[in-house]
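I need the structure of the sequence given here:
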Amino acid sequence: MVQWDQRGAGMTYGRSTPSADSRLSIEQMRDDGVEVARYLAARFGKQKVILWGSSWGSILGVHMAKAHPELFHAYLGTAQLVNERENGAASYAKLMGLARAADDKASLAVLEGVGAPPWTDPRSFGKVRRVSRIYEAKVSTPAPAGWWTMAAEYTTPKAQADYEAGEDYSFINFVGMKGDGMLSQLDLPKLGTDFAIPMFFVEGAHDLVAPPELAQRYYESIKAPQKGLVLLERVGHDPNQDMMDAQYKLLKERILPLSQ
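Okay, the predicted model is just below:
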């Protein structure tokens, strides 16, 4: 399994720091991912690899699967985002309903303060994400604390500084200064729903960022050689053990046999 510190993030940011005015695009990131896949296949003497993406990675993953299916045995998407306007509207409406039902004045103040999406203030996304984490935590199993302990090479002062600077740079490119970042371009159905590779999805029933009903509707529209969707009851948007177990089961039972 390969962890990719993408353009503008992590150690890649430190080794190849972009200029402050350079901009990321989904197409550029897609092409980077394709290059990584080609490199891995060549390095390990394989014709294809398995493509796996979650949340933002689920956007890149579908773009990569569409652009170069010949490189991949299958796609496994988790916390699948589909269309920014629909995802944003559904997420906001769900959060408003939950906060009102709980008479949660603090969360309501945040939500009413930013208003319904689309947003033109880059801080709005983070404010709403903090509220969604509160409500996801009520109905999902928490991940073990040890999961968030970084590997030693990522804890040096330089690595930490690069991580923080890359986070700022990537986030602004993701949401945009006026709601015009990469996220605003998200519309996976527009790419077409016919896929040349098997497509599998693992979704949290309580995902308040990528509501599962939108992912399921997208899944149902897809035509692929094989496909499958697993809906998990104690899972939100962020990973936990239930999510890992379901992904491993799919990989072992349905995806790895495709690579034989």
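
Where does the prediction get shaky in the chain?
Residues of the chain that meet the criterion pLDDT under 70 are absent altogether.

the residue most distant from the middle of it, which is it?
Distance from the centre of the chain peaks at D103, with 30.4 Å (C-alpha atoms, centre = their mean).

Could you tell me whether G228 really is in a strand?
Yes - counting by DSSP: H, G, I helix; E, B strand; the rest coil, G228 falls inside a strand.

Leaving out sequence neighbours, find the closest residue to it.
Leaving aside its chain neighbours, G228 sits nearest to F200 (4.8 Å; criterion: C-beta to C-beta, 6 or more residues apart in numbering). Every residue, glycine included, has its C-beta placed from N, CA and C.

Show me what the one you found is bridged to.
Under DSSP bridges, the beta-bridge partners of F200 are L76, G228.

Tell me which stretches of the stretch 101-250 of the chain form helices.
Assigned by DSSP state H, counting those that start in this stretch, the helices in the stretch 101-250 of the chain fall at 105-114, 123-139, 157-175, 212-221, 241-250.

between these, which one is nearest to W4?
Across the helices of the stretch 101-250 of the chain, W4 has its closest neighbour in helix 157-175 (13.1 Å, C-beta to C-beta).

helices and strands around the closest one, which ones?
helix 10-15 (3 or more C-beta pairs under 8 Å, 6 or more residues apart in numbering; DSSP states H and E).

Buried residues of the helix it packs on, list them for me.
Neighbour-count burial for helix 10-15, counted by 16 or more other C-beta atoms under 10 Å, picks out G10, T12, Y13, G14.

Just confirm the second one contacts L24, I think it does.
Spelled out, that is T12. No - with contact defined as C-beta atoms under 8 Å, T12 does not count as touching L24 (11.8 Å).

Quick check: phi and psi on the nearest residue to F171 once chain neighbours are set aside?
In this structure, F171 finds its nearest non-sequential neighbour in P122, 7.5 Å apart by C-beta to C-beta, 6+ apart. When quoted as degrees, to the nearest 10, the phi and psi of P122 stand at phi -60, psi -20.

can you tell me the helix or strand for the residue nearest to K46 when sequence neighbours are not counted?
For K46, ignoring the flanking residues on the chain, the nearest one in space by C-beta to C-beta, 6+ apart is L40 at 7.6 Å. Taking DSSP states H and E as the criterion, L40 maps to helix 26-43.
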